[in-house]
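J.: Mind looking at a prediction? Sequence and model below.
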Amino acid sequence: MDFPDTDDLIFSEQGGVLSITINRPHKRNAMNDAVVGGIMQTFTAIENNRDIRAVVLRGAEGHFCSGGDISGMKESASQEEAEKMAWEFNRVFGRMCTQVNRAPQVVITCLEGAVLGGGFGLACISDVAIADTNAKFGMPETGLGIIPAQIAPFVVMRIGLTRARQLALLGERIDGRAALDLGLVHYLTDGADAMQSKLDEVLGKLKRCAPNATAVTKQLLLDVGSVPLEQLLDRASDDFTAAINSAEGVDGTTAFIQKRLPAWAEN
């Protein structure tokens, strides 16, 4: 596939896994327009591509992401322009969060160093989060006189209202162990080699699961609470019927009986 033309993101694709690295180490990988736009463009391009099984998000040179880079907004010629830029940058970031959150692929974050603000939000929308024990998580916005506008709903959905209030209203920083205890992340590692080993383990598990069944299951889980229950259960039965009669379903159930791997797990 053709990747967005920007030096602020590094892309690699191998074995059905697309890796996206935020490459702004001089800013602790704070996101600018190019990063947000590039991520959105990429997820749009792979939306219907079941050959891409997982997307791994990480940051360059020891930091995941320190949030949004708002420095350019201060350089606007007028107050009106500054307000327009702030609104557009903030809202587009929210659209990116929604898009990544609902991507049919499994989204994995590798979290080390700074995981702050918008980076904290990206952690909250990943399906699987792997954190270094020394990573620093936080929502520093209120200490800067601004608000965690677009990430707040995703943080609440991830860790619950009580803990979200604590972190957002006090600006507290927590480490990887505390993030694991909160349910913000799923795995804790110590050092780059251990993180890569855990990532390889997670990807190995993921590849045992059928791509389309995974995508439909993810959509079902995300719709709990937002779609009326009986309507959701009706749709789930439709999806189940389609799945069990699909090529994936036939191969998967036959492989189970024959004690072999299904086609998608042989790669």
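T.: That came through fine.

J.: which regions of the protein sit below the pLDDT cut-off?
T.: 72-77, 267 (pLDDT under 70).

J.: distance of A129 from V56?
T.: 11 Å (Cβ to Cβ, to the nearest Å). (C-beta placed from N, C-alpha, C; glycine too.)

J.: A60 is in contact with S19, correct?
T.: No. S19 is beyond contact range of A60, at 11.6 Å (criterion: Cβ atoms under 8 Å).

J.: Now for those two: what residues contact both?
T.: I10 (Cβ atoms under 8 Å, 6 or more residues apart in numbering).

J.: re the thing from before, A129 and V56: who's more crowded?
T.: Between A129 and V56, counted using other Cβ atoms under 10 Å, the more crowded position is A129 (26 against 21).

J.: what's the helix or strand for the closest residue in space to Q105 that isn't next to it in sequence?
T.: Nearest-residue entry for Q105: V55, 5.1 Å, with adjacent residues in sequence omitted and distances by Cβ to Cβ, 6 or more residues apart in numbering. For V55, the host element (DSSP states H and E) is strand 54-59.

J.: just checking, what packs against that strand?
T.: Strand 54-59 makes packing contacts with strand 17-22, strand 106-111, helix 192-206 when contacts are defined by 3 or more Cβ pairs under 8 Å, 6 or more residues apart in numbering; DSSP states H and E.

J.: cutoff 6 Å now
T.: strand 17-22, strand 106-111 (3 or more Cβ pairs under 6 Å, 6 or more residues apart in numbering; DSSP states H and E).

J.: These: which one's closest to T6?
T.: T6 sits nearest to strand 17-22 of all the helices and strands packed on strand 54-59, at 10.6 Å, using Cβ to Cβ.

J.: Quick check: buried residues in the helix or strand just after the closest one?
T.: Sequence order places helix 33-45 as the next helix or strand after strand 17-22, per DSSP H and E. Buried residues in helix 33-45, counting neighbours by 16 or more other Cβ atoms under 10 Å, are found at D33, A34, V35, V36, G37, G38, I39, M40, T42, F43.

J.: and helix 33-45 with strand 54-59, angle?
T.: Orientation of helix 33-45 against strand 54-59 (axes from the mean of the first three to the mean of the last three Cα atoms, to 10 degrees) gives an angle of 170 degrees.

J.: Alright, that wraps it up for me.
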